[in-house]
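Peer 1: whatever this is, show me its structure:
(chains A and B)
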Amino acid sequence: MYNLTKGALDEIMNGVDIKKPVLQILGYKKIPSSINTDDRYRLLLSDGDRLNSFTMLVTHLNHLITNNSLTQYTVCKILNYALTSVNNNGKERRIMLILDIEVLFPGNEVGYKIGNPTNTDNKSRLEYVTTSNTSTATSCQTSNSTIEKNILNHDTSSTSFYINHSISTIPIAILSPYQNRWIIKARVTNKSAIKTWSNSRGEGKLFSMDLIDESGEIRCVAFNQQCDNFYHLIDVGNVYYISRCKLKTANKQFSTLKNDYEMTITDDTMISPCHKNCDNIPMQQFDFCPISQVESKEQNNLIDVLGVVTTFNDIQHITQRTTGKELIKRDINLIDDSGAMICVALWGKEAEDFDGFNNPILAIKGARVGEFNGGKNLSLINSSVLKKDPDIPEAHKLRKWYAAANHLENVKFLSRSSGGDFNTPLYTFREMTEAQLGGKLNFTDLYKVVATINLIRVENSVYKACPIDSCRKKLIDQSTGIFRCEKCNKDYPNFVYRLLANMNIADATGNRWVIAFNEVAEKILGISAQELGELKENDNDDYMEKLNEANFKRFIFSLRVKSEVFQDEMRIKHTCTSVVPLNYKTHLTYLIDEVSKVVHIEKLESN
DNA sequence: CCCCCCCC
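Peer 2: Residues are numbered from 1 along each chain as shown, chains lettered A, B, ... in the order given. Okay, here's the model as predicted:
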């Protein structure tokens, strides 16, 4: 009824590569773990003849235990495993590390122990084992040092020396601070730039890289001298033999890599390129989260996404508030077949060099989830990896999806920019009036309009305001260096400049008088309230010129309609709540599904 | 030994 691969366990423990053995689970045990590390599970396996409990599940398969997929009597196929050894009270013990497993028959369906398996004897553990297949990597105390000398002291030109040898490497998944004298064979999937730091504990430089093999992944950091020694030897995408790094507990806060540890390069570390038999070492691994699901992710979560670039903004120069540091940022919009679109922030050189034309596909590992204006967004952080047009099946699938029509219909926009609100309609002035008359637009509703500034009223565009945050009323200048606030009923020696831009803006269908205050007015005028106030004080011509510069500027205005009674007359007031500059380079990120309308307006205006 | 990820 159930065909187990009889005799497989003994053979596996003796280093014979058994392809996909079928085994029965007779039990499992949680291995006590230290704080901050994942639990490890040890399985009791049977091949029908023999029992063996020196088997371990790789931690990223722990969910199979917790979701009860690997219960007693389960018959499963071991799709991939690695043989390794651990130090067990001074004795070397071979361990079968299960890297991938498929349940053939659930335990409750099988319901009994197959055959009458007996304990394997786990002796002869120190003999050297050759393996022709690197998937059954082995580690053996006695042979390691010789191999290390042979392979790692060679310069890169003579790497062919060891290519066909069975090098005793261990899987990344079992690296721990308690393992020494190991070698791993791993692919570098990401390499940071060299970074310098300076703090109370000292200063220095470092670079880090992400390493991956069949069993797992780990971050590796090189400081100072080692940073200089190794930085130029490492190429992203290549496979290396790496030995003798120091392991320490990883700080999960800064990395998405699935490993409890990270490693530091030491004086003794040796790194040697491996050019052959690397096909089994995986490339970058992603765990893509559908964009629609980002909505329910918590702030600061690190996630992987795959999406098509629909639009991208110009770079922005930003001053970091806390440090005054100049930052370069670029926002791009990603869409995927989950029907959602999200704004992703790139920083620094990555932002500067980014080319988003022709709708590239981006795979991003470890982007940070942020919240703004009630929406969600993503931001690349130091440890994030950005891959453009990756050659992976998911990307090809997404490309096909994007090439088909309708992908921008019914898109859910997860991000809210400060400029435009996706939820507000884009109207022409005529449409806005019709909407009001038709009862579609309430008097408190926001709407957007693409318009040009005809004229800014010069009078009162900048004024001296009450320094009290909650007041901000226009002060009466006593001409004695004392300013009176009638609202507070107080005199102040100081004031703050505030802006009030009273503008006439027009599109092809009409025009309106609108008012923009402070931050929004600063954006429109391209000058801070303080600067404009000083300009007005010092040089009226410069002040006038600055204001006139704003004429004929084009924006997407977000406007709020408000009615008020003024001198017994009902008036409608339009307040500008935000603006997005419209220039030929700006991609209208927030207007994806309304681009045709913008184009339509532009045509009208050019007539 | 480092990086807590920037801005609207």
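
Peer 1: could you chop chain A up by domain?
Peer 2: Following automatic domain parsing, chain A resolves into domains at A:8-151, A:172-274, A:291-413, A:429-588.

Peer 1: mean neighbour count and distance to DNA strand B for those - can I get that in a markdown table?
Peer 2: For every residue, glycine as well, the C-beta is placed using N, CA and C. As requested, the domains of chain A are exported to a markdown table (neighbours: other CB atoms under 10 Å; distance: least, CB to the nearest atom of the strand, whole Å):
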| stretch | mean neighbour count | distance to DNA strand B |
| --- | --- | --- |
| domain A:8-151 | 17 | 13 |
| domain A:172-274 | 18 | 3 |
| domain A:291-413 | 17 | 4 |
| domain A:429-588 | 16 | 7 |
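
Peer 1: with distance to A:Met1 added, can I get the ones you listed in a markdown table?
Peer 2: Shown next, in a markdown table, are those (distance: least, CB to CB, whole Å):
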| stretch | distance to A:Met1 |
| --- | --- |
| domain A:8-151 | 8 |
| domain A:172-274 | 32 |
| domain A:291-413 | 36 |
| domain A:429-588 | 63 |
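
Peer 1: pick out the shakiest of those, pLDDT-wise.
Peer 2: Looking at the domains of chain A, the lowest mean pLDDT belongs to domain A:8-151 (a mean of 75).

Peer 1: who touches the nearest residue to A:Asp287 once chain neighbours are set aside in this structure?
Peer 2: Closest residue to A:Asp287 apart from its sequence neighbours, by CB to CB, 6 or more residues apart in numbering: A:Asp304 at 5.1 Å. A:Asp304 makes contact with A:Thr256, A:Phe286, A:Asp287, A:Phe288, A:Cys289, A:Ala363, A:Ile364, A:Lys365, A:Gly366, A:Ala367, according to CB atoms under 8 Å, 6 or more residues apart in numbering.

Peer 1: secondary structure class for A:Gln72?
Peer 2: Judged by DSSP: H, G, I helix; E, B strand; the rest coil, the three-state class of A:Gln72 is coil.

Peer 1: what do you get for A:Thr311?
Peer 2: strand.

Peer 1: hang on, isn't it packed against A:Ile335?
Peer 2: No - using CB atoms under 8 Å, A:Thr311 is not in contact with A:Ile335; the gap is 9.5 Å.

Peer 1: for the spatially most central residue of chain A, what are its contacts?
Peer 2: Taking CA atoms, centre = their mean, the centroid of chain A lies closest to A:Ala367, which sits 0.8 Å from it. Going by CB under 8 Å, 6+ apart, A:Ala367 touches A:Leu302, A:Ile303, A:Asp304, A:Val305, A:Val344, A:Leu378, A:Ser379, A:Leu380, A:Ile381, A:Ser384.

Peer 1: where does the fourth one fall, phi/psi-wise?
Peer 2: The one in question is A:Val305. Phi and psi for A:Val305, reported as degrees, to the nearest 10, are phi -130, psi 160.

Peer 1: what's it in contact with, if anything?
Peer 2: A:288-289, A:291, A:294, A:334, A:336, A:342, A:344, A:362-364, A:367, A:378.
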